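Participant: Quick one, what's the 3D model for this:
(chains A and B)
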Amino acid sequence: MRWHRFLPEILALGVGLLLWWGVAEWSGLPRFILPSPVDVYHKARYVILSGLLWKHAWATLVEVVLGLLLGLSVALPLGYLMARFWVLERALSPYLVASQAMPVVALAPLLIIWFGPGLFSKVLICALIVFFPMLINTVVGIRNIPSEWRDLLRVLHASWWQTLWYLEWPAALPVLAGGLRIAATLSVIGAVVGEFIAADRGLGFLINTARGRYDTALVFVALGALTLMALSLYAAVRLLEARLLAWQNHALEGTRVHRGG
Amino acid sequence: MSAVCPAGKALLWVHDLSLAYRNGGQPFWVLQDLNFQVPEGGFLAVLGPSGCGKSTLLRVLAGLLPPTRGQVCYASRPLAAPQPEIGLVFQHANLLPWRTVLQNITLPLEIRGVTRREAEARAREMVALVGLEGFEHTLPRDLSGGMAQRVALARALVYRPRLLLLDEPFSPLDTLTREQMWEELLRIWRHTGVTILMVTHSMTEALVLADRVLVLSPRPARLRLDLTVPFPRPRTEEIRFTPLFGELVRRIREAILSG
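Facilitator: Next up is the predicted model:
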């Protein structure tokens, strides 16, 4: 591993940590306002070894992933239908615009009243946050398919199902992947918001209780875990993209042919 | 749709074909009263100035657009929708960029439910026919314009159509590549016996390739000249430098400019 290739990043990180440590040590701020990196390290070590962090992180991850899947499974088919049938788009637009104008986060308390503080209400909040960007990307992805490609499939006598499979799905995939990248990080926000309001587990719940006890180091650990989770989801989507969209990516292709002739 | 399709030798029979786009209330005529026939195995070129409606004509003949008036018959039956026996090659190769050369060529067969093995075997035959061996697994973005157009040709031929419609397939290519593609196309035409209708704006291309040339007027496209090309086959490059060739070019030019 040529670690020195990442020297600028490592240096910047080191300087940042050092600054944080310096301010925490010498500023005279109490520990419950700003814990030092050392405190956070010890806290992290403790919650990891005791299994506490895993328990809460897992709960959040389940909400995030289920919410993402639920949001996708409604947004993709609906977006497809809206892209193909303008009547449907016209009919649904007022609802969609209104639902988008209303901040989903503010809906969370209502959902918890209706569906209880359990898993389902969190999944629903995540799904609602994910829904709109995925819907828009689906509509745009399907709409932007060049009409010449559609003509080709018509000339080849493709059924609507074949058109979906051979043309629309692969052609819209780059746009869908872009939406999914945003949706994955949004879903984490949804889960945390739900857990803030009412929950007995999850990283949002952990932050809330730690705050109540002025256990600021634990808040830092939970924040770090959330960041890591969002980054991992993002990376997973990128990995999926690299596999499915290799045809787009020049860097991944070995063979290049000279143009001309 | 008043006329009945005549039982006859013509594979494609076009009778009083007119087409209008309706833009608001006023119909906008693109094609007007076209009459022509293409015999089985023939090579017809349709020549006209840019924007005269040649591509629209081709879309009608492919079954993608219904005629506003008149009748189009294919194999003695009215043409109402795309036919499995008709192949269309677009002006720009129109390949699917996520599919390799071979996968682009197998697409029509996959849609027809041909087994993967057979589809690949037939696609490989086509790859050989258009001279692209070694590029089976190349993606379209790595192909030159000429190569992409060969793939498009192979894709249209792989399901053995009886009628091949070509929409200015060589106009994006440079002159030398283009002349090379003419030879390829004539070789494929001889080899497969497919009937070809090609739309072009190049007089040279039309005269070098076709049995017959239809000359259309600027929009709305009307038939200005129906010319039988007298050069015997196989034709050589030399015909382009004969006085007769020059005379034919002059007649076509006059037909386009008159009016």
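Participant: Leaving aside the residues adjacent along the chain, what's closest to whatever residue of the stretch 101-250 of chain A ends up closest to chain B?
Facilitator: Across the stretch 101-250 of chain A, the shortest distance to chain B (CB to the nearest CB) belongs to A:Trp247, at 4.2 Å. (C-beta placed from N, C-alpha, C; glycine too.) Excluding its sequence neighbours, the residue lying closest to A:Trp247 (CB to CB, 6 or more residues apart in numbering or on different chains) is B:Trp98, at 4.2 Å.
Participant: Over to B:Gln180?
Facilitator: Nearest residue to B:Gln180, sequence neighbours excluded (CB to CB, 6+ apart): B:Gly146, at 7.2 Å.
Participant: Quick check: the one you found touching B:Glu184?
Facilitator: No - the pair B:Gly146 and B:Glu184 does not pass the contact test of CB atoms under 8 Å, sitting 9.4 Å apart.
Participant: Now for B:Arg22: which residues touch it?
Facilitator: Neighbouring residues of B:Arg22 by CB atoms under 8 Å, 6 or more residues apart in numbering or on different chains: B:Phe28.
Participant: tell me the centre residue of the chain?
Facilitator: In the absence of a named chain, this looks at chain A. Centre of chain A computed as the mean C-alpha position; nearest residue by CA atoms, centre = their mean is A:Ala184, 1.5 Å away.
Participant: I was thinking of chain B, sorry if that wasn't clear
Facilitator: In chain B, the C-alpha closest to the average C-alpha coordinate belongs to B:Leu166, at a distance of 2.1 Å (CA atoms, centre = their mean).
Participant: Spell out the residue ranges of the strands in chain B.
Facilitator: All strands of chain B, identified by DSSP state E, fall at B:10-23, B:26-39, B:43-47, B:69-74, B:77-78, B:86-89, B:163-167, B:195-200, B:212-216, B:223-228.
Participant: Mind putting the ones you listed into TSV with distance to B:Ile111 and mean pLDDT?
Facilitator: Conversion of the strands of chain B to TSV gives the following (distance: least, CB to CB, whole Å; pLDDT from 0 to 100):
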stretch	distance to B:Ile111	mean pLDDT
strand B:10-23	23	88
strand B:26-39	26	89
strand B:43-47	27	94
strand B:69-74	20	90
strand B:77-78	22	88
strand B:86-89	13	92
strand B:163-167	18	94
strand B:195-200	22	94
strand B:212-216	32	93
strand B:223-228	35	90
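Participant: burial measure for residue 102, as a count.
Facilitator: Assuming you mean chain A. Other residues near A:Met102 number 11, with proximity taken as other CB atoms under 10 Å in any protein chain shown.
Participant: you looked at the wrong chain, it should be chain B
Facilitator: 21.
Participant: Identify the residues contacting it.
Facilitator: Under the criterion of CB under 8 Å, 6+ apart, the neighbours of B:Leu102 are B:Glu120, B:Ala123, B:Arg124, B:Val127, B:Glu136, B:His137.
Participant: Out of the residues you listed, which end up buried?
Facilitator: When burial is judged by neighbour count using 16 or more other CB atoms under 10 Å in any protein chain shown, the buried members of the contacts of B:Leu102 are B:Glu120, B:Ala123, B:Val127.
Participant: which non-adjacent residue is nearest A:Ala183?
Facilitator: Nearest to A:Ala183 is A:Val130, by CB to CB, 6+ apart, at 4.3 Å.
Participant: and that neighbour, which of the three is it?
Facilitator: The local conformation at A:Val130, judged by DSSP: H, G, I helix; E, B strand; the rest coil, is helix.
Participant: what stretches of the chain score poorly on pLDDT?
Facilitator: All of this is about chain A. Within chain A, the segments meeting pLDDT under 70 span A:1, A:249-261.
Participant: I was after chain B.
Facilitator: Low-confidence segments of chain B, defined by pLDDT under 70, are located at B:1-3, B:259.
Participant: can you tell me which helix in it is longest?
Facilitator: If you go by DSSP state H, chain B has its longest helix at helix B:175-192.
Participant: ok so, going back, from the contacts of B:Leu102, which single one is nearest A:Val221?
Facilitator: Checking these against A:Val221 with CB to CB, the nearest one is B:His137 at 49.3 Å.
Participant: who's more crowded, B:Gly146 and B:Glu184?
Facilitator: Using other CB under 10 Å as the criterion, B:Gly146 and B:Glu184 rank with B:Gly146 on top: 21 against 18.
Participant: contacting residues around that one?
Facilitator: Contact criterion CB under 8 Å, 6+ apart gives A:Gly261, B:Leu173, B:Thr177, B:Gln180, B:Met181 as the residues in contact with B:Gly146.
Participant: burial count for the fourth one?
Facilitator: It refers to B:Gln180. By the other CB under 10 Å criterion, the neighbourhood of B:Gln180 contains 17 residues.
Participant: The stretch 1-150 of chain B against chain A: which residues are in contact?
Facilitator: By CB under 8 Å from any CB of the partner chain, the residues of the stretch 1-150 of chain B that approach chain A are B:59, B:62-64, B:82, B:84, B:86-88, B:90, B:92, B:94, B:96-99, B:107-108, B:110-112, B:135, B:138-139, B:141-144, B:146-147.
Participant: Show me just the buried residues among those.
Facilitator: Taking 16+ other CB under 10 Å as the criterion, what is buried in the residues of the stretch 1-150 of chain B next to chain A is B:59, B:62-64, B:82, B:86-88, B:90, B:92, B:94, B:96, B:98-99, B:107-108, B:110-111, B:135, B:138-139, B:142-144, B:146-147.
Participant: tell me the contacts of B:His219?
Facilitator: I think there's a mix-up here, since residue B:219 is Arg and not His. Under the criterion of CB under 8 Å, 6+ apart, the contact partners of B:Arg219 comprise B:Trp29, B:Val30, B:Gly51, B:Cys52, B:Gly53.
Participant: Around the residue of the stretch 151-259 of chain B found nearest chain A, how many other residues sit close by?
Facilitator: Nearest residue of the stretch 151-259 of chain B to chain A (CB to the nearest CB) works out as B:Thr177 at 6.7 Å. The local packing count at B:Thr177 equals 18, with neighbours defined by other CB under 10 Å.
Participant: go on, A:Gly14?
Facilitator: Neighbourhood size, A:Gly14 [other CB under 10 Å]: 10.
Participant: do B:Thr175 as well
Facilitator: By other CB under 10 Å, the burial measure for B:Thr175, its neighbour count, is 9.
Participant: now it: how far from B:Asp226?
Facilitator: For B:Thr175, the distance to B:Asp226 under the criterion CB to CB, to the nearest Å works out to 28 Å.
Participant: A:Gly141 touches A:Pro170, doesn't it?
Facilitator: No - with contact defined as CB under 8 Å, A:Gly141 and A:Pro170 do not form a contacting pair (10.5 Å).
Participant: residues contacting A:Val64?
Facilitator: A:Val64 sits in contact with A:Cys126, A:Ala184, A:Ser187, A:Val188, A:Gly190, A:Ala191, A:Met229, A:Leu233, where contact means CB under 8 Å, 6+ apart.
Participant: so can I have TSV of those residues showing secondary structure?
Facilitator: Formatted as TSV, the contacts of A:Val64 follow (three-state DSSP):
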residue	secondary structure
A:Cys126	helix
A:Ala184	helix
A:Ser187	helix
A:Val188	helix
A:Gly190	helix
A:Ala191	helix
A:Met229	helix
A:Leu233	helix
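Participant: Show the buried residues in those residues.
Facilitator: A residue is treated as buried here by neighbour count (16+ other CB under 10 Å); on that basis the buried members of those are A:Cys126, A:Ala184, A:Ser187, A:Val188, A:Gly190, A:Ala191, A:Met229, A:Leu233.
Participant: residues from the stretch 51-200 of chain A in reach of chain B?
Facilitator: The stretch 51-200 of chain A comes close to chain B at residues A:148-149, A:151-158, A:162, A:166-167, A:170-171, A:173, as judged by CB under 8 Å from any CB.
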